[in-house]
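*Asks:* Pasting the sequence and the predicted coordinates here, then a few questions.
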Amino acid sequence: MLYFISVWTLLLIGCCSCGLGLLNRLEIRILREDSPFSRLGDRAIIATWLGMLAIAITLLATALFLPLSPAIGGVIFSIFLLISLRSPATRLEILALYQRISRTHILMYLGVAIALAAFFARSVDWDDTGLYHYSLVRWFSQFGTVPGLALLFPNFGFTSAWFALSAPLNPNWSIDRTIGVANGFIFLLAVLQLVMSCHRLLRRQARLIDAFVAVYYTCVLFLTISANLMPFILVSPSPDIPALLLVAVVAWAIVAIETATRSPQFTPARQLIPLVIAVGAVSLKLTTLPLLLVTGLWFIFRAGFNGKIIQRIGIAAVVSLLLVPFLLSSIVTSGCPIYPSSAFCLDLPWAVGADRSTANSTHHWITWYGTPPAGIHPWLWAFKNWIATAGNKFI
């Protein structure tokens, strides 16, 4: 429990500081009245997600050259932190956050962290963790990205920056009990945001985004308690958990931007935040591609078609650059940039080829319930069965 609380506290402080540096780099200032993240609490939450995704993607890129030992992870974390702290605006915001933290806030945080640590510090029983999650974290930790790894076992070809983030957080002496530390951290972050939003609602200081957070995260908590398999998935390094929460984060960021903007004028730095988070979600789990598609369409139509072409090229370059580590890692392990799909597979000695059995078993989840009866749409029929089984099937 002490290890979980210590790591979560360090990640919360470090990722928030790194994210604040990114926000200031995008010139999204806290003192501007029309800023979508002008409130310190909202700004800290979005900064923590941004900082964590940036570190995860960087670790995935580093794994192409070096194993992700705790020492390497600590170096990358420190470099991000030092770069962020070079900004005077970032230092001022960190000081402002520190001054706003009261003894009540600390006690509330410790209470939530202790309760969650007691839940996460148990044995990991999720099947997929034993099947390939645990192994991929160990491969990242000891060897980095290994060419042709998917040839040993098809599931080893599943690339995720979430496994790269988990690798340095699980030293050899603790990995059997701490493999779910990353999922515990983002669940802690979600609970803290839920408490903050409910507090604003009770004090009648809430905005639309607070009501959205309260409803969405309450449903997530209910699903966690009621679903048959959700507690097992939660206590694991499964990227399903961050994928589930990042849908809410992207939607929350978009609603915050749209409700805070007093002028219809497009501000690319501001609109870039949900897009960057959606790209980060794809780096964690490929099945979040629809989230990136929807966010990209919102970005395009919100921007209009009269912007500067150089500005558009720059934004496209940023998005493409963030996806490069994921694509390269997939190519190295399987020869296919969007494995398990056989699309765009390269002719490499270690390529797995066009075997679609892994993709079919992953994506054709409606076959889990058999063949739908005639006259009923298969997706609606599958969704009805999913609800009937307490939501215990995940892609």
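*Replies:* Sure, I can see it.

*Asks:* Tell me the predicted confidence for the closest residue to residue 119 other than its chain neighbours.
*Replies:* For residue 119, ignoring the flanking residues on the chain, the nearest one in space by C-beta to C-beta, 6 or more residues apart in numbering is residue 235 at 7.2 Å. C-beta here means a position set from N, CA and C on the backbone, and glycine is covered the same way. Note on residue 235: pLDDT of 87.

*Asks:* cool, residue 353 as well?
*Replies:* 65.

*Asks:* Neighbours of residue 38, how many?
*Replies:* Applying other C-beta atoms under 10 Å, we find 16 residues neighbouring residue 38.

*Asks:* nope, residue 195 is what I meant
*Replies:* So residue 195, with other C-beta under 10 Å, has 15 neighbours.

*Asks:* Pull out the buried positions in the helix or strand encompassing it.
*Replies:* For residue 195, the enclosing helix or strand under DSSP states H and E is helix 181-202. Residues of helix 181-202 classed as buried by neighbour count (16 or more other C-beta atoms under 10 Å): 181-194, 196-198, 200.

*Asks:* helix or strand for the closest residue in space to residue 251 that isn't next to it in sequence, which one?
*Replies:* Spatial nearest neighbour of residue 251, excluding adjacent residues (C-beta to C-beta, 6+ apart): residue 212 at 7.1 Å. Using DSSP H and E, residue 212 sits in helix 208-226.

*Asks:* That helix: how far from the chain's middle?
*Replies:* Computed by C-alpha atoms, centre = their mean, to the nearest Å, the chain-centroid distance of helix 208-226 equals 17 Å.

*Asks:* same check, this time on stretch 44-53
*Replies:* 10 Å.

*Asks:* Quick one: mean pLDDT for it?
*Replies:* Rounded mean pLDDT across stretch 44-53 is 93.

*Asks:* what's the answer for stretch 201-210, then?
*Replies:* pLDDT averaged over stretch 201-210 gives 83.

*Asks:* Can you list the buried residues in it?
*Replies:* Buried, per 16+ other C-beta under 10 Å, within stretch 201-210: 206, 207, 209, 210.

*Asks:* now swap in stretch 211-229 and tell me
*Replies:* In terms of neighbour count (16+ other C-beta under 10 Å), stretch 211-229 has its buried residues at 212, 213, 214, 216, 217, 220, 224, 227, 229.

*Asks:* Tell me the one of the residues you listed nearest residue 90?
*Replies:* residue 213 (24.8 Å; C-beta to C-beta).

*Asks:* hmm, back to that, what's the angle from the helix holding residue 195 to helix 208-226?
*Replies:* On the basis of axes from the mean of the first three to the mean of the last three C-alpha atoms, to 10 degrees, helix 181-202 is oriented at 130 degrees to helix 208-226.

*Asks:* and helix 181-202, what does it pack onto?
*Replies:* helix 2-25, helix 40-62, helix 103-120, helix 161-166, helix 208-226, helix 240-260 (3 or more C-beta pairs under 8 Å, 6 or more residues apart in numbering; DSSP states H and E).

*Asks:* I'd like to know which of the ones you listed lies nearest to residue 279.
*Replies:* Evaluated with C-beta to C-beta, the helices and strands packed on helix 181-202 place helix 40-62 nearest to residue 279, the distance being 8.4 Å.

*Asks:* quick one on the thing from earlier: including distance to residue 86, could the helices and strands packed on helix 181-202 go into JSON lines?
*Replies:* Formatted as JSON lines, these follow (distance: least, C-beta to C-beta, whole Å):
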{"stretch": "helix 2-25", "distance to residue 86": "8"}
{"stretch": "helix 40-62", "distance to residue 86": "15"}
{"stretch": "helix 103-120", "distance to residue 86": "27"}
{"stretch": "helix 161-166", "distance to residue 86": "24"}
{"stretch": "helix 208-226", "distance to residue 86": "31"}
{"stretch": "helix 240-260", "distance to residue 86": "26"}
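
*Asks:* Compare these and say which comes out lowest on pLDDT.
*Replies:* helix 208-226 - the lowest mean pLDDT of the helices and strands packed on helix 181-202, at a mean of 83.

*Asks:* That one: what's the following helix or strand?
*Replies:* helix 230-234.

*Asks:* re earlier: go ahead and confirm the residue nearest to residue 251 touches residue 252.
*Replies:* Yes: counting by C-beta atoms under 8 Å, residue 212 does reach residue 252; the two are 6.1 Å apart.
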